[in-house]
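*Asks:* Pasting a predicted model and its sequence here:
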Amino acid sequence: MRIISSLELKARQNRGDNFMLVDVLTKESYEHNHIEGAINLPVGDLAELAPTRLPDKHQEIICYCASFDCQASTSAGRILEKLGYTNVLDYKGGLKDWREAGYPLASILTTSGVG
């Protein structure tokens, strides 16, 4: 599994490359902060959710987690490879590196008490 940098990821976004960006942190973390365009597949649920949420096993998939110290994206990449995904990349820097590079984060704000 190849590791990519924030610069590489941002360039792919800017070009409009075809890839799936996967935030492998918890739903709560994703709702608070995530990289624009990412879907949330928590690493603990990945094996169950991947077949329906990531149907093309040859599409480029970029996983990320919280920071270089977090190992969730690497674990997620290994799980995906075991499930037969052939083009998995690991953005190891994650949210912390993205923020420090000056790139914006998105969030989902809950406006009702339901959730």
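*Replies:* Yes, it's here.
*Asks:* If we go by neighbour counts, what in the helix or strand of the chain with the lowest mean pLDDT is buried?
*Replies:* The least trusted helix or strand in the chain, going by mean pLDDT, DSSP states H and E, turns out to be helix 27-32, with a mean of 94. Neighbour-count burial for helix 27-32 flags 29-30 (criterion: 16 or more other Cβ atoms under 10 Å). All C-beta spots, glycine's among them, are computed from the backbone N, C-alpha and C.
*Asks:* Which strands border the next helix or strand after it, and is each parallel or antiparallel?
*Replies:* Note on helix 27-32: by DSSP states H and E, the next helix or strand toward the C-terminus is strand 39-40. With DSSP bridges as the test, strand 39-40 is paired with strand 19-23 (parallel).
*Asks:* Now the closest residue to Ile62 other than its chain neighbours: phi and psi?
*Replies:* Counting by Cβ to Cβ, 6 or more residues apart in numbering, the nearest residue to Ile62 once its immediate chain neighbours are dropped is Leu89, at 4.7 Å. Main-chain torsions, Leu89, degrees, to the nearest 10: phi -120, psi 150.
*Asks:* Next one: Leu89 from Gln59, what distance?
*Replies:* 11 Å (Cβ to Cβ, to the nearest Å).
*Asks:* Those two: which is more packed in?
*Replies:* Set Leu89 next to Gln59 and count neighbours by other Cβ atoms under 10 Å: Leu89 wins out with 21 against 14.
*Asks:* so that one sits right up against Ile4, yeah?
*Replies:* Yes: the criterion here is Cβ atoms under 8 Å, and Leu89 meets it with Ile4 at 5.1 Å.
*Asks:* list residues touching both of these two?
*Replies:* Ile62 (Cβ atoms under 8 Å, 6 or more residues apart in numbering).
*Asks:* what's around Thr26, how many residues?
*Replies:* Per other Cβ under 10 Å, the neighbour tally for Thr26 reads 15.
*Asks:* Understood, closing this out.
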